[in-house]
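Trainee: need coordinates for the below:
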Amino acid sequence: MKHDSLTGECIAEIVGTAILLFFGAGVVANLVLVGANIGWWELCLLWGLGVAMAVYITGGVSGAHINPAVTVGLASVGDFPWKKVIPYCISQTVGAFIGAGGAYFIYAEQFTEKTATNMTIFHTIAMNNISNPKAMMIELILTMILLMGVMAMTEPLNSTAPKGLGAAMAIGILVAGIGGIGGKLTGFAINPARDFGPKVFTALAGWGSTPFTAHNFYFWVPIVGPLLGGVLGAVVYKKLLRTYLPEVWKNKSKNDEIEAGETTSA
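Mentor: Numbering: from 1, shown residues only. Okay, the predicted model is just below:
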């Protein structure tokens, strides 16, 4: 039987993003609906653990992007083929939808009514005093940091990057750190699929159009901000930082010497 590698990668992205949302929405539901004694930093760490588990489980198949901002960011600097971008992004959104559905299922009895407050268990929204353009810039900045961290920690020629399976946990801690820095301002989506998939789920699960109209049609912010931030972060790391890694610089010098020798001999 012939296997289609892209099919397997898309399945992995679905599973990985579903794991991320099941962890994340589950811990928020535990806090909001059950009253669990969970602080903000603990919540951020559990989101980060969800990221780490998704990477451990699916990274060997698809690279565990589990985030369109990562996929588009890597493609923008030539580290991922553009032909796979749309299948990956669709898979990530489907996975987020499924993960939100799983979290809803286990807490279904706790939803005595469906309000604008408890729908944000599944997706993000900015604080009332933050405008949508400002929230978009916050998401851009947070996602830019995410992409720089992801690329640095998975760069084979970066001597300070964690080795082996350590990268997955380090990326999870990075996500938790981003949440700790500015997460309360916008809910730190930093991931269009993580936000849009659950919005579709909540709309179908009984919240109607509210997930898309709330906060002056906020739904576009966690899409545009992370995508722009992902591209910017990837460009900053690849073009301004990675170029000067000692190993990259050494390899470049060797290649230049070889090319110069070939030119001389010719």
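Trainee: packing partners of the longest helix seen in the chain?
Mentor: Longest among the helix segments of the chain by residue count, using DSSP state H, is helix 5-32. Other elements packing on helix 5-32 under the criterion 3 or more C-beta pairs under 8 Å, 6 or more residues apart in numbering; DSSP states H and E are helix 40-62, helix 85-107, helix 192-202. Glycine gets a C-beta too; all of them are placed from N, C-alpha and C.
Trainee: recalculate using a threshold of 10 Å.
Mentor: helix 40-62, helix 68-76, helix 85-107, helix 166-186, helix 192-202 (3 or more C-beta pairs under 10 Å, 6 or more residues apart in numbering; DSSP states H and E).
Trainee: just the buried residues of stretch 29-40, please?
Mentor: Of the residues in stretch 29-40, those scored as buried under the neighbour-count criterion (16 or more other C-beta atoms under 10 Å) are 29-32, 38.
Trainee: N128: which of the residues you listed is nearest?
Mentor: Ranked by distance to N128 (C-beta to C-beta), those are led by V32 at 17.3 Å.
Trainee: sorry, back to before: now the helices and strands packed on helix 5-32 as a markdown table including mean pLDDT and distance to L147?
Mentor: A markdown table is the format used below for the helices and strands packed on helix 5-32 (pLDDT from 0 to 100; distance: least, C-beta to C-beta, whole Å):
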| stretch | mean pLDDT | distance to L147 |
| --- | --- | --- |
| helix 40-62 | 96 | 14 |
| helix 68-76 | 98 | 5 |
| helix 85-107 | 98 | 15 |
| helix 166-186 | 95 | 10 |
| helix 192-202 | 97 | 13 |
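Trainee: do you know which of those helices lies nearest L20?
Mentor: Nearest of these (C-beta to C-beta): helix 40-62, 4.7 Å.
Trainee: buried ones in that closest one, by neighbour count?
Mentor: Burial within helix 40-62, assessed by neighbour count using 16+ other C-beta under 10 Å, is assigned to 43-56, 58-59, 61-62.
Trainee: from the chain's centroid, how far away is that helix?
Mentor: Remark: helix 40-62 is offset 10 Å from the chain centroid, using C-alpha atoms, centre = their mean, to the nearest Å.
Trainee: which elements pack onto it?
Mentor: Going by 3+ C-beta pairs under 10 Å, 6+ apart, helix 40-62 lies up against helix 5-32, helix 85-107, helix 166-186, helix 192-202.
Trainee: send the alpha carbons of the last one over as CSV?
Mentor: C-alpha atoms of helix 192-202 as CSV (Å, rounded to 0.1, in the frame of the first residue of the first chain):
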residue,chain,number,x,y,z
PRO,A,192,-5.1,31.7,13.8
ALA,A,193,-6.3,28.1,13.8
ARG,A,194,-6.3,27.9,17.6
ASP,A,195,-8.8,30.8,17.6
PHE,A,196,-10.9,30.4,14.4
GLY,A,197,-11.6,26.7,14.6
PRO,A,198,-13.1,27.0,18.1
LYS,A,199,-15.1,30.1,17.0
VAL,A,200,-16.7,28.0,14.3
PHE,A,201,-17.4,25.3,16.9
THR,A,202,-19.0,27.6,19.4
